[in-house]
Structure formats: structure tokens, C-alpha cells
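**Q** Structure for this input, please:
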Amino acid sequence: MSAALNPQLSVLEARVLGVLVEKELTVPDIYPLSLNALTAGCNQKNNRNPVLNASDEDVQAAIDRLKPVSLVIESSGSRVMRYSQNVGRVLKVPSEAVALLAALWLRGPQTAAELRAATERLHRFADVSSVEGFLTQLGERSLESGGPLVRLLPRGLGARESRWVDLLSSAAESVNVEPRREQEIGGAPAPDWRADLEQLRAELQALRERVQQLENRGPHE
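**A** Numbering: from 1, shown residues only. Sure, this is the predicted structure:
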């Protein structure tokens, strides 16, 4: 594969790579993965966005498209074929970047803080700033190196932070950049400014009604 051109991935191909990166670091005892294990990882309902329902045949077809560009390597197990990922070498990025890309492939666009939490078992970043540093490097890659791998989306109205999206998968083409409510780390929703505004309006209206009542009563009542 030419180093001057990034591979373009389908949603399922990106998911396959994300699962292989994840399982290599979290369950090394069963890595490389069999087709069944890889399909199960692609169809997980937790820590996945979007949730997929791919068949073994779908996953095998994705593998077959990834093998010619060396992103997936096939090896013979005791009874079944097994598969491993080769993302770092093909894209020429460090393990920290591979962890971030895997999180984006598995969970879709995320803020730097969300990515730090999502990659905790893949690579422990010292702080959010270090995550942002690697993301910035991935977003500023030269064309000679293959071009940018991620992009910072415009911050939506009411969002506390901007999200990052990977540029390799076709999922990036359909990213909704409209305002959304960001989620705090741990799953608690971030404050919604619209709700706060409505509450202030209600309080102001109640205050106006109270003032009007006092004025109607007159000074001697």
C-alpha cells in the first residue's frame, strides 16, 4: 500500500480493526481472534456506537478487504484461522494513536476527555492535554505521510467541548455536527443551558406577577 494514501474503511471494516486493537490489549489470552470471537466483538452492545448486527459472512468479507492492505493479518490456529491487526505499522503511528483511533472506530465521535476514559484499558494517558496532543498530531499529518487521520468537529450550540472524528471510515461522512448534549465522564449528563434558561424565565415571570400583586394592593393595605 502506498504510504501517501490513507485507506478508506467501511463502518464494519473500522469496527473490525477497533475490536482487534481492543481485544489484543484487554484479553491477550484469546488473541489473535477467531472469526466467531471477532464477530461477537463487532456486535457488542456495550461500548459500541453504532451497535451492529453483522454476520460471520459480513465480518469475513471485511477481513478479506483489509488483508490486501495488511491492516489485518491471518494466521493458522490449532483448528481455526485467527486474525490480528497491523494498524500501527501500516499507518505509521505510535501505539497511543492506535488506541485513540480504535476508540473512535468503536464508539464514534468523542471529546478528548471521553477518549481518555474510553482508552483507559488500551493506553493510560497522563491527562486530557496529552490526548489532545496526539489528536492534534493525527489531525495535522502531512499528505506525504498519508494525510490527516482525525478532525475536530465544530462545537455545537450548548456543547461544552468539541468532538473528534476519525477520517478513515465512511461513518465520518455521515457525522451529525448539529448541537448535542455532551456527556460527562461517568455517564452523567452535562447541564443543559436550555433548561436553565427556561427556569430563569419562569422565575422572572413569577417575580413580575408578585410585583404586580403588591402594586395592586396599594400602599395602605
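
**Q** name the element the nearest residue to residue 123 once chain neighbours are set aside belongs to?
**A** Spatially, and ignoring its direct neighbours in sequence, residue 123 is nearest to residue 99 (4.0 Å; CB to CB, 6 or more residues apart in numbering). Where C-beta positions appear, they are placed from N, C-alpha and C, glycine not excepted. Here residue 99, judged by DSSP states H and E, is contained in helix 95-107.

**Q** hang on, the earlier thing: how many neighbours does the residue nearest to residue 123 have?
**A** Counted with other CB atoms under 10 Å, residues neighbouring residue 99 total 26.

**Q** before we move on, the earlier item: quick check: buried residues in the helix holding residue 99?
**A** Within helix 95-107, the residues scored as buried using 16 or more other CB atoms under 10 Å are 96-107.

**Q** counting contacts, what elements does it pack onto?
**A** When contacts are defined as 3 or more CB pairs under 8 Å, 6 or more residues apart in numbering; DSSP states H and E, helix 95-107 packs onto helix 11-26, helix 87-91, helix 112-118, helix 128-139, strand 150-152, strand 164-166.

**Q** Tell me the spacing between the nearest residue to residue 102 once chain neighbours are set aside and residue 63.
**A** Counting by CB to CB, 6+ apart, residue 21 is the residue found nearest to residue 102 once chain neighbours are left out, at 3.7 Å. Distance, residue 21 to residue 63, by CB to CB, to the nearest Å: 15 Å.

**Q** These two: which is more packed in?
**A** When neighbours are counted by other CB under 10 Å, residue 21 and residue 63 differ, and residue 21 comes out ahead with 24 against 20.

**Q** just the buried residues of helix 95-107 now: which is nearest residue 48?
**A** Residue 48 lies nearest to residue 106 out of these, by CB to CB, at 6.0 Å.

**Q** now what about stretch 78-91, what contacts it?
**A** 1, 6-7, 17, 20-21, 24, 31-35, 38, 63, 69-76, 93-95, 97-98, 101-102, 146, 149 (CB atoms under 8 Å, 6 or more residues apart in numbering).

**Q** Go ahead and build a ChimeraX selection from the buried members of those.
**A** The buried residues among the contacts of stretch 78-91 can be selected in ChimeraX (16+ other CB under 10 Å) with this line:
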select :6,7,17,20,21,24,31,32,33,35,38,63,71,72,93,97,98,101,102,146,149
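
**Q** Cheers, nothing more for now.
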